[in-house]
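# Sequence and computational prediction follow.
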Protein chains: 2
Amino acid sequence: MFDDLDKVLLRFANLSEQELNAVHEKLEIVNISKNEYLVQDGEIADSIAFIQSGYLRVCFNHDGDEITRDITSVNSFITALTSFITRKPSFEIVKTITDCELMIIKRENLNYLYQTYNNWQTIGRRIVEEMFVRSQKRIYSLLTSSAEDRYKFILEEKPDMLKNIPLQYIASYLGITSQSLSRLRRNVYKQ
Amino acid sequence: MFDDLDKVLLRFANLSEQELNAVHEKLEIVNISKNEYLVQDGEIADSIAFIQSGYLRVCFNHDGDEITRDITSVNSFITALTSFITRKPSFEIVKTITDCELMIIKRENLNYLYQTYNNWQTIGRRIVEEMFVRSQKRIYSLLTSSAEDRYKFILEEKPDMLKNIPLQYIASYLGITSQSLSRLRRNVYKQ
DNA sequence: CTAGTCAATGAACATTTGTTAAGAAATTTG
DNA sequence: CAAATTTCTTAACAAATGTTCATTGACTAG
């Protein structure tokens, strides 16, 4: 049941059986249907979710539309990290795109793990670091490539996303309107 | 001498006099002139620098030009973080824009602090977290606003950058060519 | 099944940014 | 200081993306 999570955690630090069990006990397992909020606008993010299955997005409201900062899927962690870190109301929202199975850990439980097991400090740091590395890549892709090239990248590297995620969210993730995405797809597929 | 650094560190965690001194001893103080490398392409980043004065940029080579991911100045930390984290050769380079005074801490010294003082684990995490929050804001600004609006933001919020940083680097940071920046400046100032 | 809603596409025109090439201005070097 | 180099600007045209509005297609509630 915790196999996927354990595998990911062990990539981050060499946790003992006991340390793994410690987190298992603290997790809340949640099945949540599509288009539900994990974090609402203005709410303080007080948990981190591990994605057992499904797709979620982190976005924010800008002049009436939702701008997608990130789309995340199986075996990743997700939260409105800026709010989680600063403990201030989130300007970002976290929302399911499809039905999801999540394992949720609350901030107080995470803090408990930090204080009890030194290894967990490392894990916490490494999870955030990995989110950061991911974020770097995103900045470079926005700075250097056209929306069309970014689309082609998804097409080749993450084709599952195109099967499971409505195109409007893909468009927003690429930083363009859905009309532009339609036009661009026409070009890509006619070639 | 360490006043600025101490002030920043104390914002991150409640360090004792002893814990502050511990880092002072481990710092290397460096004066470095403009256009020098802190991290070269392919090198493994093994230190983090605190900027006492001056401007630096983190960028990477893309088809012959340097794409600027970040420009950083006084009272901030800078490194090729992805390389620092993963301990793999850096695809990013770190370079001074102006003459700089830096306080540099090597990875092994940072690790020593992590292991010796529990508070320092927190500091390390918080420094990375802050870099992350910064990175989020950058993604949203790239996704939601035009180059012109991003320029106006710098004009209003960071006018010192425009005084001290060559426009070509500003252009690269904005994600446009320097020709486009010239054109855009003409519009902004004529209004 | 059907009406109603939401998602995706399409087309025409506008705006933003890129590209190329040239020249002006500023800075560095001898 | 003068030449050389680098940085910044300008202009004309091209390409990418936005905007508006209409249409089609898919999904959902009753």
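That came through, no problem.
# contacting residues around the closest residue to A:Val23 other than its chain neighbours?
Leaving out its chain neighbours, the residue that sits closest to A:Val23 by C-beta to C-beta, 6 or more residues apart in numbering or on different chains is A:Leu113, at 6.3 Å. Placement of C-beta: from N, CA and C, glycine included. Contact partners of A:Leu113, counting by C-beta atoms under 8 Å, 6 or more residues apart in numbering or on different chains, are A:Ala22, A:Val23, A:Lys26, A:Trp120, A:Ile123.
# On the pLDDT front, check the third one for me.
With respect to pLDDT, A:Lys26 scores 95.
# Equivalent analysis for A:Glu130, please.
86.
# repeat for A:Gln191
The model's pLDDT for A:Gln191 equals 57.
# on that earlier part again, now, the contacts of A:Leu113 that are in helices?
Secondary structure from DSSP state H places A:Ala22, A:Val23, A:Lys26, A:Trp120, A:Ile123 of those in helices.
# one step back: hang on, the residue nearest to A:Val23 in a helix?
Yes - remark: A:Leu113 belongs to a helix, assigned using DSSP: H, G, I helix; E, B strand; the rest coil.
# quick one: it and DNA strand D, what's the gap?
From A:Leu113 across to DNA strand D, the span is 39 Å (C-beta to the nearest atom of the strand, to the nearest Å).
# ok, now A:Ser178?
Per C-beta to the nearest atom of the strand, A:Ser178 is found 8 Å from DNA strand D.
# That residue reaches A:Tyr169, doesn't it?
No - taking C-beta atoms under 8 Å as the definition, A:Ser178 is not a contact partner of A:Tyr169, at 9.2 Å.
# what about the two, which has more around it?
A:Tyr169 (19 against 15; other C-beta atoms under 10 Å in any protein chain shown).
# Flag every residue of chain A that's near chain B.
Applying C-beta under 8 Å from any C-beta of the partner chain, one finds that chain A approaches chain B through A:60, A:62, A:67-69, A:81-82, A:85-86, A:92, A:121-122, A:124-125, A:128-129, A:131-133, A:135-136, A:138-140, A:142-144, A:172, A:175.
# please redo it, this time with the cut-off set to 7 Å
A:60, A:62, A:67, A:69, A:81-82, A:85, A:121, A:124-125, A:128-129, A:131-133, A:135-136, A:138-140, A:142-144, A:175 (C-beta under 7 Å from any C-beta of the partner chain).
# per the record, what domains does chain A have?
A:3-132, A:145-191 (automatic domain parsing).
# ranking those domains by burial, who's on top?
When the domains of chain A are scored by mean count of other C-beta atoms under 10 Å in any protein chain shown, the highest mean neighbour count falls to domain A:3-132 (a mean of 17).
# distance between the ends of that domain?
Using C-alpha to C-alpha, to the nearest Å, the end-to-end distance of domain A:3-132 comes to 25 Å.
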